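*Asks:* what shape does this take:
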Amino acid sequence: MPHYIIKRPWITEKTTNMREDKKGSSKYCFVVERKANKTQIKQVIEEFFKVKVLNVNTMIQHGKRRRVRFHYGLKPDWKKAMVTLAPGQTIAFFESM
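*Replies:* Now for the predicted structure:
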C-alpha cells in the first residue's frame, strides 16, 4: 500500500479538541494526496497505525491568494481527511503532542 498518500498530520487547536468525541471515538486530521479517495486513505491509516477506522471525511481546501511585492499568486489547493477511529483506539503519534 503506498504510504505517500498521507503527507502529514494537520494539527490545529480545533483538530486537537476533536480528538475526543462524545461517543468515545477519536477523530484525527491529515493532509493527504489530492487524488486519493476515502477507501485508499482508510486502508493506509489502518495499515500504518494499526487501528480500526470507522469513517473518513474528506474536503478540498482552496489555496489562498498571496502577494509578493507587485505580483499576485495563489497557494496550491490541498486535501484534508478527517478520520474517525473505533471507540477506545488512539494514534500514539498524536498523544505525545
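*Asks:* pull out the buried positions in the helix or strand where M82 lies.
*Replies:* M82 is located in strand 78-85, with elements delineated by DSSP states H and E. Across strand 78-85, burial judged by 16 or more other Cβ atoms under 10 Å covers 78-79, 81-85. No exception for glycine: its C-beta is placed from N, CA and C like everyone else's.
*Asks:* which neighbours in the sheet does it have, and how are they oriented?
*Replies:* Strand pairing for strand 78-85, using DSSP bridges, gives strand 27-32 (antiparallel), strand 53-61 (antiparallel).
*Asks:* only the buried residues of the shortest one, if you could.
*Replies:* Spelled out, that is strand 27-32. Buried residues in strand 27-32 (16+ other Cβ under 10 Å): 27-30, 32.
*Asks:* what's the farthest-apart pair in those residues?
*Replies:* K27 and V32 (14.9 Å; Cβ to Cβ).
*Asks:* helices and strands of the chain: which one has the lowest mean pLDDT?
*Replies:* Sorting the helices and strands of the chain by mean pLDDT, DSSP states H and E puts helix 92-95 at the bottom, at a mean of 74.
*Asks:* and that one, what does it pack onto?
*Replies:* Contact here means 3 or more Cβ pairs under 8 Å, 6 or more residues apart in numbering; DSSP states H and E; on that basis helix 92-95 packs against no helix or strand.
*Asks:* for that helix, the distance to its chain's centre please.
*Replies:* Centroid separation between helix 92-95 and its chain, computed with Cα atoms, centre = their mean, to the nearest Å, is 14 Å.
*Asks:* buried residues in that helix?
*Replies:* Per 16+ other Cβ under 10 Å, helix 92-95 contains these buried residues: F94.
*Asks:* and the residue nearest the centre of the chain, how close does it get to K80?
*Replies:* Geometric centre of the chain, nearest residue: F30, 1.7 Å, by Cα atoms, centre = their mean. Noted for F30: a distance of 7 Å to K80, by Cβ to Cβ, to the nearest Å.
*Asks:* okay then, goodbye and thanks.
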